[in-house]
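Peer 1: Okay, sequence plus prediction incoming.
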Amino acid sequence: MKRVAVAHPNIALAKYWGKRDQGRNVPAVPSLSVTLDGMTTTTAIEEAEADSLAINGVLRTGRPLERAVAMLDTLWREAGRLGQRPRAAVDSHNDFPTAAGLASSASAFAALAVAADALFATQLGRERLSAIARRSSASAGRSLFGGFVELPAGDAFAVDLPAAPVAPASHWDLRLVVAVTTEGEKEVGSTDGMVRTTETSPLYDGWVNAAPAIFARVREAVLARDFDALVGPVEQSALTMHATAFAADPGLVYWNGTTVEVIRAVRKLRAEGLRACFTIDAGPHVKILTPTASEASVREAISRVPGVLRTISARPGEGARLAVEE
Ligand code: PMV
């Protein structure tokens, strides 16, 4: 029997960066994201002789396979199933480029959790699947839900830490414009980057102390659909996260020159009266939030910034779910 699930990436408006507990993958700061529409990971799973993983048609071994297997083991154990877990062949496809810096691990682990839950008939429910996905990639816990989603910080003992919906996709019809600034893959992944930041950045404690208040302001602005109130904390969250990473040893510079140019362009647009603000993840691309009415102007202006290769537009979307049953 084959089960197929779909999930979308999400972009954090209040960033998660740093773990309270490495093994259990517990975030040290609360985060709030918007799940996107349009870009989709589709994951098929079926019983097989041995565990295997294919991503975009290419069989993967090593770390990617280990991470998928670890999630299947966790899910089986969490469901209290006895006996040996059935082995599974996982076949995952992204219809968006990984190099766009749209956390493909988030949609990948969210889709895998839903697909495996169906294959094993474990019926764990969205909340527990979110907590399981969060253990593989914290941002994946958020992609279980649609619209605006929060993931609290945990203490070191937080085993079950799911994300939770803040407001549905229909709550606020914002647009997110991605300014793609390179086709290359990022140099230091988020897991390694966070470890280095936590262990070596003298600014890390400042970030962890500041993040809850920034998160609270983002949350309030989202609930009130108040774009002008969103701008400050969204940009501060991204810039504080990156300042903390810059200060690691060796410093983590995820940006390129174009990243800075886009930041300046967004602020110039704002000075000219357009509503727009930026956020940046563990890579050089810039994600620009803007109300629907100004999307076309923002896209046009950002496309003209030297170094911007192309732009991708997305809107708030739905959480991970089963696709078709074959
Ligand atoms: O969950 P991870 O390991 O993919 O880390 C996500 C880190 C950021 O994308 C930079 C921030 C976030 O909250 O999504």
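Peer 2: Sure, I can see it. Numbers count the residues shown, from 1 in each chain.

Peer 1: where's the residue lying closest to Leu124 once chain neighbours are set aside, which helix or strand?
Peer 2: Using Cβ to Cβ, 6 or more residues apart in numbering and skipping residues adjacent in sequence, the residue nearest Leu124 is Asp117, 5.4 Å away. C-beta coordinates here come from the backbone N, C-alpha and C atoms, glycine included. For Asp117, the host element (DSSP states H and E) is helix 104-119.

Peer 1: which residues are contacting the helix or strand where Asn209 lies?
Peer 2: Using DSSP H and E, the element containing Asn209 is helix 204-223. The contact list for helix 204-223 (Cβ atoms under 8 Å, 6 or more residues apart in numbering) reads 13-15, 17-18, 28-32, 148, 150, 153, 166-167, 171-172, 197-198, 201, 226-227, 229-230, 232-234, 236-237, 240-241, 243-244.

Peer 1: before we move on, back to that, the helix holding Asp117: how far from the chain's middle?
Peer 2: Relative to the chain's own centre, helix 104-119 is displaced by 13 Å; criterion: Cα atoms, centre = their mean, to the nearest Å.

Peer 1: do that helix and the ligand meet?
Peer 2: Yes. With Cβ under 6 Å from any ligand atom as the criterion, the ligand is reached by helix 104-119 at Ser105, Ala106.

Peer 1: Could you list every helix and strand in contact with that helix?
Peer 2: Helix 104-119 sits against strand 2-7, strand 41-47, helix 62-78, strand 88-94, helix 125-136, helix 138-143, strand 321-325, with contacts defined as 3 or more Cβ pairs under 8 Å, 6 or more residues apart in numbering; DSSP states H and E.

Peer 1: gap between the residue lying closest to Ala118 once chain neighbours are set aside and Phe227?
Peer 2: Closest residue in space to Ala118, ignoring its immediate chain neighbours: Arg3 at 4.0 Å, by Cβ to Cβ, 6+ apart. Going from Arg3 to Phe227 by Cβ to Cβ, to the nearest Å gives 40 Å.

Peer 1: which one of the two has more residues nearby?
Peer 2: Between Arg3 and Phe227, counting by other Cβ atoms under 10 Å, Arg3 is the more crowded of the two (22 against 19).

Peer 1: Can you read off the pLDDT for that one?
Peer 2: Per-residue confidence (pLDDT) for Arg3: 97.

Peer 1: contacting residues for it?
Peer 2: Counted by Cβ under 8 Å, 6+ apart, Arg3 has contacts Ala44, Ile45, Glu46, Ala115, Ala116, Ala118, Leu119, Leu322, Glu325.

Peer 1: ok, now which ones touch the third one?
Peer 2: It refers to Glu46. Met1, Lys2, Arg3, Ala88, Ala89, Leu119.

Peer 1: And the second one, by the same measure?
Peer 2: Listed by Cβ under 8 Å, 6+ apart, the contact partners of Ile45 are 2-5, 88-91, 112, 115-116, 118-119.

Peer 1: before we move on, back to that, nearest to the ligand, of the helices and strands packed on helix 104-119?
Peer 2: Of all these, helix 138-143 sits nearest to the ligand, with 3.4 Å by Cβ to the nearest ligand atom.

Peer 1: Look up how far the ligand lies from Val58.
Peer 2: Counting by Cβ to the nearest ligand atom, to the nearest Å, the gap from Val58 to the ligand is 21 Å.

Peer 1: Name the residues of this structure found near the ligand, please.
Peer 2: So the chain meets the ligand at 12, 15-17, 31, 103, 105-106, 137-139, 190-191, 281-282 (Cβ under 6 Å from any ligand atom).

Peer 1: ok, 5 Å please
Peer 2: Contact residues, the chain versus the ligand (Cβ under 5 Å from any ligand atom): Ala12, Lys15, Tyr16, Ser31, Ser105, Ser137, Ala138, Ser139, Ser190, Asp281, Ala282.

Peer 1: which residues pair with the first one across the strands?
Peer 2: Meaning Ala12. Ser33 (DSSP bridges).
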